[in-house]
Structure formats: structure tokens, C-alpha cells
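Colleague: sequence and predicted structure are below.
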Amino acid sequence: MKIYTLRAKQNLPISLQEAWDFLSDPNNLKTITPDYMGFKILSGADRKMYAGQIIQYIVTPVAGIKTKWVTEITQAVDKEYFVDEQRFGPYALWHHKHFIKEIPGGVEMEDVIDYKIPFGILGQLVHPFLVKPKLKEIFDYRERKLIELFGVLENQA
């Protein structure tokens, strides 16, 4: 069983409170998801994030194939981190940790996603040219969108 990890880190010139307010509102996920994915929340986004929250949505990640995805917020610590885990969806495992911390001039946001592809060896074969590039594309889009919304932290490497 092969488990993959994707990491993304970004610094933004906003306060810890602004970052948390944005990230802890499930409705903002649509804002930072590429339009072609047809992201639509079906239920569970009527409150700010909390441990135990179930969010159901539809996404179209590849070839126009609509997929229902159900995630649970398993942990949430105000202005520090939250964890979402797939309960139903396209992955055999999806465990996504979101960390935020205050840094000089803004915040550092870090995502760590541990995931497993279904379909055994076939899934492992398609991972390098289909799944991994698609996830990178989605997180690159997210980074650009957050810069568009909040700007760039000066002196960011």
C-alpha cells in the first residue's frame, strides 16, 4: 500500500484572524478551487468549521466525471490548524492537515495531504502522470488565487 504526501506552503500579508476567518468558512473552498472542477457544496457549510462537521460536495476532477465527495473535519484548533478526512470519494485515503501560524508581516499557511490512490497497482501506475500533476495544478491555482485575494508578503522567498 503506497501512501503519497503533498506539501504546500504559502505566506500571506494578512493577520492570523483574517486567515482563520477565511479558511474556517467551508464556502470559501469554492473560491480557491479551479472553476473547471465544477465544485458545488451540497450540505454542511452552513456554519464555521468545527470538529465533527460533515461537508458534502460534488467535484469534477477529471474528464467531466462528476464525483461526490464527503469530508469530515476531524480536528479544529482555533487559529492554529484543522484536519479534514475523506469519508466518501475518489481516494482510498485522504487526510489533509491545514496549519496556519503568525510570522513577521503576516501568516504562513501550510497544507500536508497524505493520500492513497484506489485500484492497487493500476492506481500507482497512473499516479505520476494523472493524479500527482492534477493535485499540483489545483494547489498552484489555490496559491495564485490567495495572492490575488490577499496580496504577497514582502520579502517572501
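Modeller: Structure's in. What do you need?

Colleague: just give me the longest helix of the chain.
Modeller: helix 132-150 (DSSP state H).

Colleague: packing partners for that one?
Modeller: strand 4-12, strand 106-116 (3 or more C-beta pairs under 8 Å, 6 or more residues apart in numbering; DSSP states H and E). Just so you know, the C-beta spots here come from the backbone N, C-alpha and C atoms, and that holds for glycine as well.

Colleague: among those strands, which is the most enclosed?
Modeller: Stretch with highest mean neighbour count among the helices and strands packed on helix 132-150: strand 106-116 (a mean of 18; mean count of other C-beta atoms under 10 Å).

Colleague: partner strands of that one, with direction?
Modeller: Applying DSSP bridges, strand 106-116 is found paired with strand 4-12 (antiparallel), strand 93-103 (antiparallel).

Colleague: in the last one, what counts as buried?
Modeller: Think strand 93-103. Neighbour-count burial for strand 93-103 flags Trp94, His95, His96, Lys97, His98, Ile100 (criterion: 16 or more other C-beta atoms under 10 Å).

Colleague: dump these to JSON lines, plus distance to Val112 and pLDDT.
Modeller: JSON lines is the format used below for the buried residues of strand 93-103 (distance: C-beta to C-beta, whole Å; pLDDT from 0 to 100):
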{"residue": "Trp94", "distance to Val112": "12", "pLDDT": "98"}
{"residue": "His95", "distance to Val112": "9", "pLDDT": "98"}
{"residue": "His96", "distance to Val112": "8", "pLDDT": "98"}
{"residue": "Lys97", "distance to Val112": "5", "pLDDT": "98"}
{"residue": "His98", "distance to Val112": "8", "pLDDT": "97"}
{"residue": "Ile100", "distance to Val112": "13", "pLDDT": "98"}
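
Colleague: for His98, see how far away Glu52 is.
Modeller: Wrong residue type there; residue 52 is Gly, not Glu. 16 Å (C-beta to C-beta, to the nearest Å).

Colleague: Val126 and Ile117 touch, don't they?
Modeller: Yes: counting by C-beta atoms under 8 Å, Ile117 is a contact partner of Val126 at 7.4 Å.

Colleague: is it true that Asn28 touches Asp21?
Modeller: No: Asn28 lies out of contact with Asp21 (C-beta under 8 Å); the separation is 9.1 Å.
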